[in-house]
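Peer 1: Okay, sequence plus prediction incoming.
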Amino acid sequence: MKRSGSADLPLHYGYVPQWLAERMAKLGLAVVETIVLDYGKDEVLRRLSDPFWFQSLGAVMGMDWHSSGITTSVMGALKRAVNPHSKDLGIYICGGKGKYSKQTPDELLKISERTGMDGNYLVKCSKLSAKVDNTAIQDGFQLYTHNFILSDSGKWTVVQQGMSDRSSTARRYHWHSESLTSFVDDPHTSIYGQNNGYILNMADKQASGSRAGVMQIAGENPDTMLKEINKLVMPSHHDVQAKDVDLKRLGSVLWLAHEKQPADFEELLLLQGLGPRTLQSLALVSEVIHGTPSRFKDPARFSFAHGGKDGHPFPVPTKVYDETISTLQNAIYKAKLGSAEKNEAIKRLTTIAQNAEKDFIPNANFDQVIENERNNSYKYGGRTVFGKAKPPVQQQLKLF
């Protein structure tokens, strides 16, 4: 069985501006395409079932690194971008938030008609996963979003989220068919949510006695269930603080991008022409694509790729974002034509950054790094939901 866990997700009621939504869709598609090219379509499902990786993907896309909004915005962006290419990628994304979640059964049946998969079974899986998280586990969270991600190999992942008005938090639940043996035997790969004390979890193996009593009344025999492990607690503070990131890992990426130039690395010659700020973003995106599961314990670190829509840790650098997307799209295009050199160069970015970590000692002032990004944000087309970034006051005065 895969590990499971829980984490706090503060509720956010903001919106995703169009200029960011479009970029999220493009970057999401590029990430998915690259994973399919290098690791296969079923690896996309495995990644999405990992809550730590999912949160990191949302952060690298420019969403608020710790909030509940990552779930609906990331899945919405992926659905818009991936589904037009489903036939080629072999991946289909169904469901969504609110009324769209109720369309999941119809979407699965239509896909099964085109692919020959067992639609009724897939609908059953979708409904049971929602029923377990909404009814079998009475933790005070009411489901409001349900996404069913399917590959044409028949494997699937569910990402769904519940909300608690009382605690102003959300809980995200992840399922993965590859590790599923029973819908009532600790079925989750992970549960994200705030610990609010004791809950009624009729899907926990320790509840077998209670289930036995309930099912005896109903005249049925109960199955056994799984428990959640491996908790991740997301903080309530909106700003990114030094304690939220692995400074050694983040520092090595900043060093690679800003202290060393691509020309200094034979492996990166194919990436010449990229500025240091784009190289910083590309290195973090490369890790989201190629990094191992153990490297996603600090999702906040990935917000240093493209900032956040609310300005934390800094405004979204749209020019850098566009250059990152363009570089990935170009690498994918060439790889499909049989020339994978650029794609391999992007992949090696992760290895180079990891090698740099071995002897790297963090010495930069974390707050100064963020201040630097904010001061230079206007140069990179920085934007937030509040507007475009402007030059610092002292630099504005020099213009007159």
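Peer 2: Done, it's in. It should be emphasised that the depicted structure is a prediction, and the values quoted were computed from it without experimental measurement.
Peer 1: Is it correct that D88 falls within a helix?
Peer 2: Yes - when classified by DSSP: H, G, I helix; E, B strand; the rest coil, D88 is found to be part of a helix.
Peer 1: what's the spacing between it and T169?
Peer 2: Computed with C-beta to C-beta, to the nearest Å, the distance linking D88 and T169 is 39 Å. For glycine as for every other residue, the C-beta is placed from the backbone atoms N, C-alpha and C.
Peer 1: who's more crowded, those two?
Peer 2: When neighbours are counted by other C-beta atoms under 10 Å, T169 comes out ahead of the other of D88 and T169, with 24 against 10.
Peer 1: wait, isn't the more buried one in contact with H12?
Peer 2: No - if you go by C-beta atoms under 8 Å, T169 and H12 don't touch, sitting 10.6 Å apart.
Peer 1: can you tell me the helix or strand for the residue lying closest to H85 once chain neighbours are set aside?
Peer 2: Excluding the flanking residues, the one nearest H85 by C-beta to C-beta, 6 or more residues apart in numbering is L29, at 7.1 Å. When secondary structure is defined by DSSP states H and E, L29 falls within helix 18-39.
Peer 1: Tabulate the CA atom coordinates of that helix in CSV.
Peer 2: The C-alpha trace of helix 18-39 is given here as CSV (Å, rounded to 0.1, in the frame of the first residue of the first chain):
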residue,chain,number,x,y,z
GLN,A,18,-7.3,34.8,-16.8
TRP,A,19,-3.7,35.7,-17.4
LEU,A,20,-2.6,33.1,-14.9
ALA,A,21,-5.2,30.4,-15.8
GLU,A,22,-4.0,30.4,-19.4
ARG,A,23,-0.4,30.0,-18.3
MET,A,24,-1.3,27.3,-15.8
ALA,A,25,-3.0,25.3,-18.5
LYS,A,26,0.0,25.5,-20.9
LEU,A,27,2.6,24.7,-18.2
GLY,A,28,0.4,21.8,-16.9
LEU,A,29,0.1,20.3,-20.3
ALA,A,30,3.9,20.6,-20.9
VAL,A,31,4.6,18.9,-17.5
VAL,A,32,2.1,16.1,-18.3
GLU,A,33,3.5,15.6,-21.8
THR,A,34,7.0,15.4,-20.6
ILE,A,35,6.2,12.9,-17.9
VAL,A,36,4.3,10.7,-20.5
LEU,A,37,7.3,10.9,-22.9
ASP,A,38,9.9,10.0,-20.2
TYR,A,39,8.0,7.8,-17.8
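Peer 1: what packs against that helix?
Peer 2: helix 41-48, helix 51-60, helix 69-82, helix 86-89, helix 276-290, helix 318-336, helix 341-357 (3 or more C-beta pairs under 8 Å, 6 or more residues apart in numbering; DSSP states H and E).
Peer 1: Check the burial of G58 by counting its neighbours.
Peer 2: The local packing count at G58 equals 27, with neighbours defined by other C-beta under 10 Å.
Peer 1: Likewise for the one 4 residues further on?
Peer 2: G62 sits with 27 neighbouring residues when counted by other C-beta under 10 Å.
Peer 1: and if you look at the one 10 residues further on?
Peer 2: T72 has 21 neighbouring residues, counting by other C-beta under 10 Å.
Peer 1: isn't it right up against G98?
Peer 2: No - with contact defined as C-beta under 8 Å, T72 does not reach G98; the gap is 9.2 Å.
Peer 1: so what sits against both of the two?
Peer 2: Contact with both T72 and G98 is made by residues T145, according to C-beta atoms under 8 Å, 6 or more residues apart in numbering.
Peer 1: on that earlier part again, common neighbours of T169 and H12, please.
Peer 2: Contact criterion C-beta under 8 Å, 6+ apart; residues shared by T169 and H12: S68.
Peer 1: Domain ranges for the protein, per the record?
Peer 2: If the domains of the chain are taken from automatic domain parsing, they occupy 9-218, 242-390, with pieces of a single domain joined by a plus sign.
Peer 1: roughly how far out does the last one sit from the chain middle?
Peer 2: This points to domain 242-390. Taking the mean C-alpha point of domain 242-390 and that of its whole chain, the gap between them comes to 16 Å (C-alpha atoms, centre = their mean, to the nearest Å).
Peer 1: What is the end-to-end distance of it?
Peer 2: Start and end residues of domain 242-390 are separated by 25 Å (C-alpha to C-alpha, to the nearest Å).
Peer 1: Wait, T327 touches L349, no?
Peer 2: No - T327 is not in contact with L349 according to C-beta under 8 Å; the separation is 10.7 Å.
Peer 1: Looking at these two, which one has more neighbours?
Peer 2: Neighbours were counted for T327 and for L349 using other C-beta under 10 Å; L349 has more, 26 against 22.
Peer 1: That one touches S286, doesn't it?
Peer 2: Yes - at 4.2 Å, L349 and S286 qualify as touching, with contact defined as C-beta under 8 Å.
Peer 1: which stretches of the stretch 301-400 of the chain aren't confidently modelled?
Peer 2: When the per-residue scores of the stretch 301-400 of the chain are filtered using pLDDT under 70, the ranges that remain are 364, 394-400.
Peer 1: At the geometric centre of this protein, which residue do we find?
Peer 2: In the chain, the centroid-proximal residue (C-alpha atoms, centre = their mean) is F54; its distance is 2.5 Å.
Peer 1: Any figure for the gap between that residue and V31?
Peer 2: Distance check for F54 against V31: by C-beta to C-beta, it reads 12 Å.
Peer 1: which secondary structure element contains G95?
Peer 2: Taking DSSP H and E as the definition, one finds G95 inside strand 91-97.
Peer 1: May I have the phi/psi pair for the nearest residue to P17 once chain neighbours are set aside?
Peer 2: Residue nearest to P17 in three dimensions, not counting chain neighbours: V385, with 5.6 Å by C-beta to C-beta, 6+ apart. Recorded main-chain torsions at V385 are phi -70, psi -10, according to degrees, to the nearest 10.
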